[in-house]
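**Q** I would like the atomic coordinates for the input below:
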Amino acid sequence: MDKQQSVIVDGTNLLAGRLSSNVAKLLLQGNRVTVVNCEKILISGNRRNIIQNYKDFLSISSILHPEHGPYHPRRPDTIMSRMIRGMLPRKKPSGDAALRRLRTYIGVPSGLGSSEKTTFDNAKITRPQSNYTSMSDLALEVGWSR
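**A** Numbers count the residues shown, from 1 in each chain. Okay, the predicted model is just below:
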């Protein structure tokens with residue numbers, strides 16, 4: 001692998017799935033990736049369906065002992081890291097190492113404020129923003145309190 005590069009991605013007005021796949025590729029290439037503004041990432045589709053599908057996902061638990069998991073994320077940054085984790089081969093050493101190189105944040109941390117942020121052209125939205133649901137709206141509906 002090449003030497004590690006640090007890539008900072010601004011998630012504002014980017015589609016969640018396409019952003020996740022691009023970030024997963026960067027991680028598997030050996031880069032350190034930081035995703036900022038996770039609350040501004042958008043999900044395409046019917047708002048009611050997106051929220052209902054996520055609430056159905058939250059109802060999945062162990063029958064014998066629900067406290068043993070699985071645990072479901074409710075914050076926008078942890079929802080994004082879970083989406084990216086799903087696109088990595090995390091049971092292999094390469095995927096596990098890639099996941100450890102990922103950082104996700106709500107907003108922009110003070111240390112990264114002046115850094116140059118990249119974006120992905122293929123992950124940008126193509127329709128008006130009212131056709132999408134933001135990650136913060138989803139998180140607020142499923143139990144996140146700012």
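**Q** And the helices in this structure?
**A** Ranges of helices in the chain, per DSSP state H, are 16-28, 47-58, 76-85, 93-100, 135-141.
**Q** what's the closest of those to Gly113?
**A** When the helices of the chain are compared by CB to CB, helix 76-85 sits nearest Gly113, at 16.9 Å. The C-beta positions use only the backbone N, C-alpha and C, and glycine is treated the same way.
**Q** so how far is that closest one from its chain's centroid?
**A** 3 Å (CA atoms, centre = their mean, to the nearest Å).
**Q** now for that helix, which elements pack on it?
**A** Contact analysis of helix 76-85 by 3 or more CB pairs under 8 Å, 6 or more residues apart in numbering; DSSP states H and E lists helix 16-28, strand 32-36, strand 102-104, helix 135-141 as its packing neighbours.
**Q** Show me what the third one is packed against.
**A** Under the contact criterion of 3+ CB pairs under 8 Å, 6+ apart, strand 102-104 touches strand 32-36, helix 76-85.
**Q** Next, the contact list for the residue nearest the centre of the chain, please.
**A** Within the chain, the residue whose C-alpha comes closest to the C-alpha centroid is Met80; the distance, by CA atoms, centre = their mean, is 1.6 Å. Neighbouring residues of Met80 by CB atoms under 8 Å, 6 or more residues apart in numbering: 11, 16, 19-20, 35, 38, 41, 104, 135.
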